[in-house]
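Visitor: one predicted model, sequence on top.
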Amino acid sequence: MYYVYILRSVATGKLYVGTARDVRKRLTQHNAGYSIATKPYRPFQLARTEGYPTLAEARKREWHLKCTPAGGRQKRQLAGG
């Protein structure tokens with residue numbers, strides 16, 4: 001199972017979308033500063049996860065949330081704000 005996750009920066013409220021098999025491990029990596037894209041916005045809280053049976057489906061959903069106007073609106077709604 002693959003997961004699309006939405007993180008919310010505690011410091012700034014910025015949202016980040018990613019894909020992982022182990023979301024808890026990935027959240028720990030984000031908060032430790034392993035990701036250049038999220039390092040300046042630490043710490044993060046997990047706002048939402050969605051499960052998908054294949055990596056291709058998860059990546060398609062991630063792309064939608066990151067790269068389309070409708071996905072951006074949906075991302076904010078799913079993250080609760």
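Guide: That came in fine, so what should we check first?

Visitor: and the lowest-mean-pLDDT helix or strand in the chain, what does it pack against?
Guide: Using mean pLDDT, DSSP states H and E, the weakest-scoring helix or strand in the chain turns out to be helix 69-78, at a mean of 94. Contacts defined by 3 or more Cβ pairs under 8 Å, 6 or more residues apart in numbering; DSSP states H and E place helix 69-78 against strand 15-20, helix 55-67. Every residue, glycine included, has its C-beta placed from N, CA and C.

Visitor: could you redo the last one with a cut-off of 10 Å?
Guide: Helix 69-78 makes packing contacts with strand 2-9, strand 15-20, strand 44-52, helix 55-67 when contacts are defined by 3 or more Cβ pairs under 10 Å, 6 or more residues apart in numbering; DSSP states H and E.

Visitor: closest one to residue 29 among those?
Guide: Evaluated over those, closeness to residue 29 peaks at strand 15-20, with 9.0 Å, by Cβ to Cβ.

Visitor: next secondary structure after the closest one?
Guide: With elements assigned by DSSP states H and E, the helix or strand that comes after strand 15-20 is helix 23-32.

Visitor: got the angle for that following helix vs strand 44-52?
Guide: 150 degrees (axes from the mean of the first three to the mean of the last three Cα atoms, to 10 degrees).

Visitor: can you spell out which helices and strands pack onto helix 23-32?
Guide: When contacts are defined as 3+ Cβ pairs under 10 Å, 6+ apart, helix 23-32 sits against strand 2-9, strand 15-20, strand 44-52.

Visitor: chain center to that helix: distance?
Guide: In this view, helix 23-32 has its centroid 11 Å away from the chain centroid, taken as Cα atoms, centre = their mean, to the nearest Å.

Visitor: what of stretch 62-76?
Guide: In terms of Cα atoms, centre = their mean, the centre of stretch 62-76 is set 11 Å apart from its chain centre.
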